[in-house]
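The amino acid sequence is not available; the structure is as follows:
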């Protein structure tokens, strides 16, 4: 514990700062609510046009999928990425580096600090939306819920790994904003946040399968719904774990290259 | 072994070069061109424990780059560097425990949370024993007067308050070495004074080694005994302040206020060879080498010709001296040179 106490403190401080930026948090939340409601109506129209399940999804399952997607998207907002890349761009990392801390670990603590609060808020909002719309599929088996929570944790790790790597590009480029927007766009398509991957044409699904993004929404959402059999679930969770570890290690590698090759801005 | 030992320390940066205008930008978009810049160019520097060193130089001379290498933030391109027995960039975290860093231009405090909570975070980050933390916090709070804004977020306090809090934050873990990068920039005289006094007391009472970069020469005279000047990435002077003055600030100027304008200054000039006279109405100034003449001789020589109402002598300003060094009017080649100037050099056979 002793060695990690500092990171726990960092995480707690990060959570505290989320409360300071109350308005920002609420607005961000409102944005995602607006989005999830729009998606609900969009899919409702699609499902109303057909009497049967689409792509193996019934309408209650689709609603559950959208809510899970909303929940996962609420965790670790773009603030984490924005702050990290701005710290690099404006040279504030120099102060981080003058401290006896592992840079990635302290950034991870900062990113994960607000997660419990974000999770709880999204749960409340999700419950309200679920009540209003009604007929949301619940996990058929409590075990699905447990597996889902683990998968959701891995999804957040993947997100951190990705966000960290993307932020690192701020060392080389000043156009970090564009890169961040690009990251979100690609992620929204290939994670299954907009459309479940099952609706993709084969070639696009093949691409999605080799990218890390599906582990961010699709895999946890499908474990929640119990859409995959046991061995497939195990495999997909392993894939998630490999991406999480891989991206975090990649981040360390990129970081090492960055501090060697690049100047730290500002004086 | 010295606390800081740098041998041939060098840092090369790659800068992107872009031709001006739209065409230049377009060209840069397709073919990037770079140019190497030597920010720090083979410097040798030794600092003993307990020393207080001012590290000066014009903007862009390589001061901050050196400090960043010493603190382990930047990796040197070449050369050897050992600080407190460690190679800073290899053992960055371990090195960070031994040092305190204050950057005048940016704060270490968390912007959004009360100052005291930033301190508590420092306690956890540096794993400071609770008892020691409390003692240090109490002492610094009293000396630096932090009480009045301890519960305000760093974003809501004034620059002077922020600097004092930053100093406290950098010192809670009893660092052996304190790096101050322009600590008094933008501060009012009163805060500058209290900060200088505080740092001076650290050197004297705690034996903290201080390395200071600044453009404010008051900082140097109050805190540092030794001055290292860097320009274009090279150390051009390393020695103590008094010697710098003796060696290079040989000129003094006496200003006379005359009773009536002199008819001619020719006769006075004749009596004072190698001196520079300027007359302007009722005023007369004489610049002289203080090793050639005593001030009294000058005054006597002037008073033989004109009636003097009042006079005063300008002391050499360190500021002026360093300005001349920066402008290249004085070349302080190395300590060898200044030693040679201080002692008459033997005539070579």
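Thanks, I have it. Please read all numbers here as calculations on a predicted model, not as lab measurements.

Now do the same contact list for residue 112.
Because you didn't say which chain, this covers chain A. A:11, A:14, A:76, A:156, A:160 (CB atoms under 8 Å, 6 or more residues apart in numbering or on different chains). To be clear about C-beta, it is placed using only N, CA and C from the backbone, and glycine gets the same treatment.

ah, I was thinking of chain B
Counted by CB under 8 Å, 6+ apart, residue B:112 has contacts A:16-17, A:20-21, B:153-155.

Throw the residues you listed into a markdown table and include secondary structure and neighbour count, thanks.
Shown next, in a markdown table, are the contacts of residue B:112 (DSSP: H, G, I helix; E, B strand; the rest coil; neighbours: other CB atoms under 10 Å in any protein chain shown):
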| residue | secondary structure | neighbour count |
| --- | --- | --- |
| A:16 | helix | 16 |
| A:17 | helix | 19 |
| A:20 | helix | 15 |
| A:21 | coil | 14 |
| B:153 | strand | 18 |
| B:154 | helix | 22 |
| B:155 | helix | 13 |
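
Out of those residues, flag the one nearest to residue B:138.
Taking CB to CB as the measure, residue B:138 sits nearest to residue B:154 out of the contacts of residue B:112, at 20.3 Å.

Secondary structure class of the nearest residue to the closest one once chain neighbours are set aside, three-state.
Computed as CB to CB, 6 or more residues apart in numbering or on different chains, the closest residue to residue B:154 that is not its neighbour in sequence is residue B:109, at 3.8 Å. Following DSSP: H, G, I helix; E, B strand; the rest coil, residue B:109 is assigned to coil.

Count the neighbours of residue 113 for me.
Unless you meant another one, I'm taking chain A. 24 (other CB atoms under 10 Å in any protein chain shown).

wait, chain B
Residue B:113 has 21 neighbouring residues, counting by other CB under 10 Å.

That one and chain A: what is the separation?
Distance of residue B:113 to chain A, given as CB to the nearest CB, to the nearest Å: 6 Å.

show me what contacts that residue?
For residue B:113, the contact set (CB under 8 Å, 6+ apart) comprises A:13, A:16-17, A:20, B:153-154.

Could you check the pLDDT of it?
Looking at residue B:113, its pLDDT reads 92.

got a list of what the closest residue to chain A within the stretch 201-349 of chain B touches?
Of all residues in the stretch 201-349 of chain B, the one sitting closest to chain A is residue B:213 (9.5 Å; CB to the nearest CB). Residue B:213 makes contact with B:54-57, B:63-64, B:67, B:180-182 under the criterion CB under 8 Å, 6+ apart.

how about the residues of the stretch 51-200 of chain A near chain B?
A:91-92, A:94-95, A:97-102 (CB under 8 Å from any CB of the partner chain).

which parts of stretch B:18-38 are buried?
Within stretch B:18-38, the residues scored as buried using 16 or more other CB atoms under 10 Å in any protein chain shown are residue B:38.

gap between the two ends of it?
One end of stretch B:18-38 to the other measures 19 Å (CA to CA, to the nearest Å).

That one close to chain A?
No - legend: contact between stretch B:18-38 and chain A by CB under 8 Å from any CB is lacking; minimum distance shown is 9.5 Å.

mind listing what residue 219 touches?
In the absence of a named chain, chain A is used. A:151, A:155, A:236-237, A:239-240.

ah, I was thinking of chain B
Counting by CB under 8 Å, 6+ apart, residue B:219 touches B:54, B:183-184, B:192, B:196, B:212.

CSV for the residues you listed, including neighbour count, pLDDT and secondary structure?
Formatted as CSV, the contacts of residue B:219 follow (neighbours: other CB atoms under 10 Å in any protein chain shown; pLDDT from 0 to 100; DSSP: H, G, I helix; E, B strand; the rest coil):
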residue, neighbour count, pLDDT, secondary structure
B:54, 23, 91, strand
B:183, 26, 87, coil
B:184, 24, 85, coil
B:192, 20, 88, helix
B:196, 20, 90, helix
B:212, 26, 91, strand
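
confidence score at residue A:178?
For residue A:178, the pLDDT comes out at 85.

still on that earlier bit, the residue of the stretch 201-349 of chain B closest to chain A bridge partners, please.
Taking DSSP bridges as the rule, residue B:213 bridges to residue B:55, residue B:181.

what about it, distance to residue B:224?
Between residue B:213 and residue B:224 the computed distance is 11 Å (CB to CB, to the nearest Å).

Not counting sequence-adjacent ones, nearest residue to residue B:110?
Nearest to residue B:110 is residue B:118, by CB to CB, 6+ apart, at 4.9 Å.

Make sure residue B:65 is actually in contact with residue B:11.
Yes - Residue B:65 lies in contact with residue B:11 (CB atoms under 8 Å); the separation is 5.2 Å.

Quickly list what's touching both of those two.
Contact with both residue B:65 and residue B:11 is made by residues B:39-40, B:74, according to CB under 8 Å, 6+ apart.

Identify the residues contacting the residue lying closest to residue B:187 once chain neighbours are set aside.
Nearest non-adjacent residue to residue B:187, counting by CB to CB, 6+ apart: residue B:160, 5.3 Å away. If you count contacts by CB under 8 Å, 6+ apart, residue B:160 has them with B:187-188, B:190-191.

returning to what we had before: just the contacts of residue A:219 now: which is nearest residue B:252?
residue A:155 (75.5 Å).

The closest one and residue A:243, how far apart?
According to CB to CB, residue A:155 stands 10 Å off from residue A:243.

Stretch A:241-259 and chain B, any residue contact?
Yes - Stretch A:241-259 reaches chain B (CB under 8 Å from any CB) through residue A:259.

Now do that stretch: distance to the chain's middle.
Taking the mean of its C-alpha atoms, stretch A:241-259 sits 17 Å from the chain's own mean (CA atoms, centre = their mean, to the nearest Å).

For the stretch 1-150 of chain B, give me the ranges with low pLDDT.
Within the stretch 1-150 of chain B, no range satisfies pLDDT under 70.

So which residues of it form helices?
Counting by DSSP state H, counting those that start in this stretch, the stretch 1-150 of chain B has helices at residues B:21-30, B:63-70, B:92-98, B:115-125, B:130-144.

want to try TSV for those, with distance to residue B:80 as columns?
Formatted as TSV, these follow (distance: least, CB to CB, whole Å):
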stretch	distance to residue B:80
helix B:21-30	36
helix B:63-70	11
helix B:92-98	15
helix B:115-125	29
helix B:130-144	33
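
quick one on the thing from earlier: restricted to helices, list the contacts of residue B:160.
Among the contacts of residue B:160, the members falling in helices (DSSP state H) are B:190-191.

Highest neighbour count among the contacts of residue B:160?
Using other CB under 10 Å as the neighbour test, these are led by residue B:187, with 20 neighbours.

How much space separates residue B:105 from residue A:18?
Residue B:105 sits at a distance of 27 Å from residue A:18 (criterion: CB to CB).

Equivalent analysis for residue A:92, please.
Per CB to CB, residue A:92 is found 19 Å from residue A:18.

got it, and residue B:128?
26 Å.

Surely residue A:255 and residue A:104 touch.
Yes - counting by CB under 8 Å, residue A:255 sits close enough to residue A:104 to count as a contact (6.4 Å).

Which neighbours do residue B:213 and residue B:224 have in common?
Counting by CB under 8 Å, 6+ apart, the common neighbours of residue B:213 and residue B:224 are residue B:54.

next SSE after the helix or strand bottoming out on mean pLDDT in chain A?
In chain A, the helix or strand scored least confidently by mean pLDDT, DSSP states H and E is helix A:78-89, which has a mean of 80. Heading C-terminal from helix A:78-89, the first helix or strand you meet, by DSSP states H and E, is helix A:93-97.

Could you check the pLDDT of residue A:165?
Note on residue A:165: pLDDT of 92.

neighbours of the closest residue to it other than its chain neighbours, just the number please.
Spatial nearest neighbour of residue A:165, excluding adjacent residues (CB to CB, 6+ apart): residue A:251 at 5.0 Å. By other CB under 10 Å, the residues close to residue A:251 number 23.

Pass me the low-pLDDT residue ranges in the stretch 201-349 of chain B, would you?
B:316-319, B:328-349.
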